[in-house]
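1. sequence and predicted model, in that order:
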Amino acid sequence: MDLLPLRTNIDFYEQRFLMFVLDQMAYEYEQDNKDVIRMTLGKSELPLHPQINAAMAEAINDFSKSSKVFPAGLPELRNRLSEYYLEKYGVHIPSRHFIIGSGTSSIFRNLFQLLLNHEDEVLLPSPYYSLYNFSALLAGAKIRYYLIDEQSMSVDMSSFRANLTPRTKVVVINSPGNPLGNIITKEEMLEIDTLVNGQAVIIHDEIYANMSFDSQPISSVQLENTRSAFITTNAFSKGHRMYARRVGYCIVPEQLIEPLTVIQHHTLLTLDPVVQYGAIAALDLHEEVEVLVGLYRDRRNYTVESFEPVPDVKVLHSNGGFYITLDCSSYIEKQGMADSLELATQIIESTYVAVVPGSDFGMPSSLRLSFSSSKYKEGIDRLVQYFIS
């Protein structure tokens with residue numbers, strides 16, 4: 001008799017985030033003193049800026065700051081975010097529309113719980129970040145996908161039209177995207193809005209908005225006179241390197257402010273004010289973000305150049321974000337492998353380079369590489385040698 005029946009049909013083994021499976025393997029090799037290079041997590045190898053650390057140290061030593069409790073986020077941070085969006089985009093967003101959470105993962109889960117019922121559909125990009133997929137599964141919604149063309153890096157509008165149905169209640173766009181690093185243009189966003197025509201909420205995940213290599217991405221907050229309601233999500237984990245100091249936020253329409261805040265009344269209570277003071281300091285460090293952009297652009301270029309002579313592996317050109325994707329479909333087929341998990345496992349066993357199976361993102365014959373390793377170029381050299389040997 002099953003003493004712990006789960007009231008869900010989710011296969012949790014199949015839904016493992018393989019990124020963490022490979023990262024755990026890397027950790028175990030490191031404990032055995034192997035020379036491991038991790039290309040797994042989107043976690044910068046650079047330490048936090050001293051000003052962020054100083055702001056958090058000041059807060060933790062000031063009880064009047066470290067004991068603050070605000071379920072929707074510190075008023076100081078929400079006000080500073082309002083100022084930031086005015087400075088960066090010339091758009092005034094009242095501070096009450098910013099809801100602060102522990103990264104964007106819990107925010108997506110809560111938004112999907114608010115916006116979706118079991119008979120509803122969610123339309124996600126493919127490839128997708130696995131958070132979207134899993135949040136939809138938790139909400140019990142049916143998942144449909146629209147394609148991002150891996151060659152042009154543009155939205156396949158024909159697949160978008162084909163999968164937008166009367167039951168669609170949430171549409172997710174991710175730009176710059178994870179894993180591809182694609183950037184959705186203003187024209188594409190407006191066409192998506194026209195197609196949705198107000199029947200669904202459009203969530204724009206712009207967590208890599210400050211990580212673009214060739215052109216500046218547009219934010220959905222810059223769109224005017226849209227037919228649909230937009231929600232924007234972002235966080236401090238990428239450009240500001242606060243991966244383990246979890247601070248994320250969303251910008252929501254008036255109707256969602258109270259529902260989302262009340263959910264956080266009961267499930268979050270408060271995000272640690274110490275890390276929120278660090279986030280306030282981070283918003284003044286524009287030059288530091290540009291340093292990271294330059295570093296990762298160089299690693300992007302090194303990857304493209306290094307893999308040019310490698311047969312059966314194709315680099316998908318990333319325009320932003322923390323990652324680059326290798327299409328290994330020809331190699332996997334010729335080697336008789338089952339999928340990218342088998343390939344990633346063989347790679348770490350033979351080279352001690354940890355990469356992420358593309359199965360996490362709906363790309364079962366690809367690998368995702370994170371730029372965020374101080375030994376990134378050496379890792380690329382090892383991968384090239386693996387594929388050509």
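-> That came through, no problem. On a predicted model such as this, the values are computed, not experimentally measured, just so you know.

2. what about S159, how many residues close to it?
-> Other residues within reach of S159, judged by other Cβ atoms under 10 Å, total 18. For glycine as for every other residue, the C-beta is placed from the backbone atoms N, C-alpha and C.

3. S228 contacts V196, correct?
-> Yes - S228 lies in contact with V196 (Cβ atoms under 8 Å); the separation is 4.6 Å.

4. the two: who's more crowded?
-> Neighbours were counted for S228 and for V196 using other Cβ under 10 Å; V196 has more, 22 against 17.

5. ok, that one - contacts?
-> L164, T168, V171, I202, R227, S228 (Cβ atoms under 8 Å, 6 or more residues apart in numbering).

6. what do you get for V69?
-> L269, T270, P273.

7. could I get the contacting residues of the residue nearest to the last one when sequence neighbours are not counted?
-> Distances taken as Cβ to Cβ, 6 or more residues apart in numbering put K68 closest to P273, at 4.3 Å, once the chain neighbours are dropped. Shown here is K68, whose contacts under the criterion Cβ under 8 Å, 6+ apart are L74, T270, P273.

8. I'd like those residues laid out as CSV, including neighbour count.
-> Output for these, formatted as CSV (neighbours: other Cβ atoms under 10 Å):
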residue, neighbour count
L74, 22
T270, 17
P273, 23
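
9. still on that earlier bit, anything in contact with each of S228 and V196?
-> With Cβ under 8 Å, 6+ apart, S228 and V196 have common neighbours I202.

10. which residues sit against the longest helix seen in the chain?
-> Once the chain is assigned using DSSP state H, the helix that runs over the most residues is helix 286-307. Here helix 286-307 makes contact (Cβ under 8 Å, 6+ apart) with 44, 46, 49, 181, 210-213, 239-241, 313-315, 317-318, 322, 324, 326, 369, 371-372, 376-377, 380-381, 384.

11. what's the answer for stretch 41-54, then?
-> Outside of stretch 41-54, the residues within contact range by Cβ under 8 Å, 6+ apart are 19, 23, 178, 237-238, 240-245, 278, 281-282, 284-285, 288, 292, 321-323, 370, 372-374.

12. with stretch 177-184 instead?
-> Contacts of stretch 177-184 (Cβ under 8 Å, 6+ apart): 42, 125, 127, 129, 148, 150, 153-155, 173, 175-176, 207-208, 212-213, 215, 217-218, 300, 316-325, 356, 358, 360-361, 363, 366, 368.

13. check for me that the residue nearest to P273 belongs to a helix.
-> No - K68: not assigned to a helix; according to DSSP: H, G, I helix; E, B strand; the rest coil it is coil.

14. before we move on, back to that, what residues of the longest helix of the chain count as buried?
-> Across helix 286-307, burial judged by 16 or more other Cβ atoms under 10 Å covers E288, V289, L292, V293, L295, Y296, R297, R299, R300, Y302, T303, F307.

15. residue boundaries of the strands in this structure?
-> 37-38, 98-101, 121-126, 142-147, 168-174, 201-205, 230-235, 248-251, 314-316, 323-327, 353-354, 356-357, 366-370 (DSSP state E).

16. what sits against G101?
-> G73, I107, N110, G248, Y249, C250, Q264, L268, L271.
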